[in-house]
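>>> Next one to model:
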Amino acid sequence: MSIQKLFDLTGQTAIVTGGGRGLGRQIALGLAEAGANIVLCSRNLAACESVKQEIIDKGREAIALYVDVTKPDTIDKLVDAAISQFGKITILVNNSGIGGRFPAAEMPLEKWQSVIDTNLTGVFLMCQAVGKTMIENSYGKIVNIGSAAGFKGTEPFWLDNVAYNSSKGALSILTKDLAVKWGPLGVYVNTVAPGTFPTDINREKIAKIGEIMLDNIPLRRFGGENDLMGAVLFFASGASNFCTGQTLPIDGGLTAK
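Below you'll find the predicted structure:
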C-alpha cells in the first residue's frame, strides 16, 4: 500500500466536536483535505456553519449540527443525523472542552463539576454513542483531544485549574481502557495532547506571559495552524492500524522536561 493511501480518508465520515473554532477548526479542515466527510458540532452552531462553508468551498462535504456533549439526548440526535446523511461514522474526534481559572482552594463545586462533565463525562458519552455504531460496523477510529496539562501539575501562573488538569489526565486512562475493551471489536481509541496553541481561549494569557511560557517550551514557539492536524490524521487513518490506547503530546517538548 502506498504511503498516500495509508492517510487517505476518502469515503469516510468524521464527527468533530467543538469543530467551529480553534483547534477543532484546524482538525476538521485537515480531515476534510484528506478526503473525509465532516460533521461539525458544538453548542455554537453559527461557528460550525462557518467552518462548514469553508470545507464546502474546498470541494468537500460537511454538515453542521448542534450538540451539548453533557446531554445524551442531543448526542443521540447528532449520531442519527450523521448516519442519515452519510451512512455510517468511521471517525470521532472529541475536541469539545472548557477551562477557566479557578484557584484550587477556592474552586466552587459547580465549577469543578462543569469542567469534569464536559471534558471527561462528555467525551465518554460521545464515545459510548458513536462507539456502538462503530462496533456494529467492526471498525472505527476515536481520537480524543487531551492536553499537555494532563501529564503533570502546572504552576498557577501558567494554568490554575485543577479540574482541567484532572479531567485531561483521566482522559488518558479512559482512552486506554476503551482501547483494551474495544480493540477486539475493531475500534481504535487514542489521544492527542496539545501543548499551548494560540486560540481565542488563551490569547490574553499569551499576551501577558508569553515570553515566560516560551522559555519553558524546548522548541521556543507555540503551536501553529498546521501542527495538530497531522497527529490527528495519523490516528484517524490507516497509518495507525497497529496503534491503540496511546496518548501523543504535540507540545513543542513541554512534557519532555
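>>> For Leu178, list the residues it contacts.
Contacts were defined as CB atoms under 8 Å, 6 or more residues apart in numbering; by that measure Leu178 touches Cys127, Gly131, Ile142, Val187, Val189. (C-beta placed from N, C-alpha, C; glycine too.)
>>> which strands and helices sit next to the top strand by length along the chain?
For the chain, the strand with the greatest residue count under DSSP state E is strand 187-194. Other elements packing on strand 187-194 under the criterion 3 or more CB pairs under 8 Å, 6 or more residues apart in numbering; DSSP states H and E are helix 122-137, strand 140-145, helix 162-182, helix 229-236, strand 247-250.
>>> per-residue confidence averaged over it?
Per-residue pLDDT values across strand 187-194 average out to 98.
>>> Now do that strand and helix 229-236, the angle between them.
160 degrees (axes from the mean of the first three to the mean of the last three CA atoms, to 10 degrees).
>>> quick one: strand 187-194 to helix 162-182, angle?
Per the same axes, to 10 degrees, the angle that strand 187-194 makes with helix 162-182 is 150 degrees.
>>> Restricting the selection to alpha carbons, write strand 187-194 to PDB.
This file holds the C-alpha atoms of strand 187-194, laid out as PDB (Å, rounded to 0.1, in the frame of the first residue of the first chain):
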ATOM      1  CA  VAL A 187     -12.500   0.100  17.300                       C
ATOM      2  CA  TYR A 188      -9.300   2.100  17.900                       C
ATOM      3  CA  VAL A 189      -9.000   4.800  20.700                       C
ATOM      4  CA  ASN A 190      -6.100   7.200  21.000                       C
ATOM      5  CA  THR A 191      -5.500  10.700  22.400                       C
ATOM      6  CA  VAL A 192      -3.600  13.700  21.100                       C
ATOM      7  CA  ALA A 193      -2.400  16.000  23.800                       C
ATOM      8  CA  PRO A 194      -1.700  19.600  22.600                       C
END
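>>> Can you list the strands that it pairs with?
Strands that pair with strand 187-194, judged by DSSP bridges, come out as strand 140-145 (parallel), strand 247-250 (parallel).
>>> got the angle between it and helix 122-137?
Orientation check (the same axes, to 10 degrees): strand 187-194 against helix 122-137 gives 150 degrees.
>>> Buried ones in strand 187-194, by neighbour count?
Going by neighbour count (16 or more other CB atoms under 10 Å), the buried part of strand 187-194 is Val187, Tyr188, Val189, Asn190, Thr191, Val192, Ala193, Pro194.
>>> Over to stretch 240-250?
Under 16+ other CB under 10 Å, the buried positions of stretch 240-250 are Ser240, Thr244, Gly245, Gln246, Thr247, Leu248, Pro249, Ile250.
>>> in what helix or strand does the second one lie?
It refers to Thr244. Per DSSP states H and E, Thr244 falls between elements, in no helix or strand.
>>> Make sure it is actually in contact with Tyr188.
Yes. Thr244 is within contact range of Tyr188, at 4.5 Å (criterion: CB atoms under 8 Å).
>>> Which neighbours do these two have in common?
When CB under 8 Å, 6+ apart defines a contact, the residues bordering Thr244 and Tyr188 alike are Ala179.
>>> which stretch among the strands paired with strand 187-194 comes nearest Glu225?
Across those, Glu225 has its closest neighbour in strand 247-250 (13.0 Å, CB to CB).
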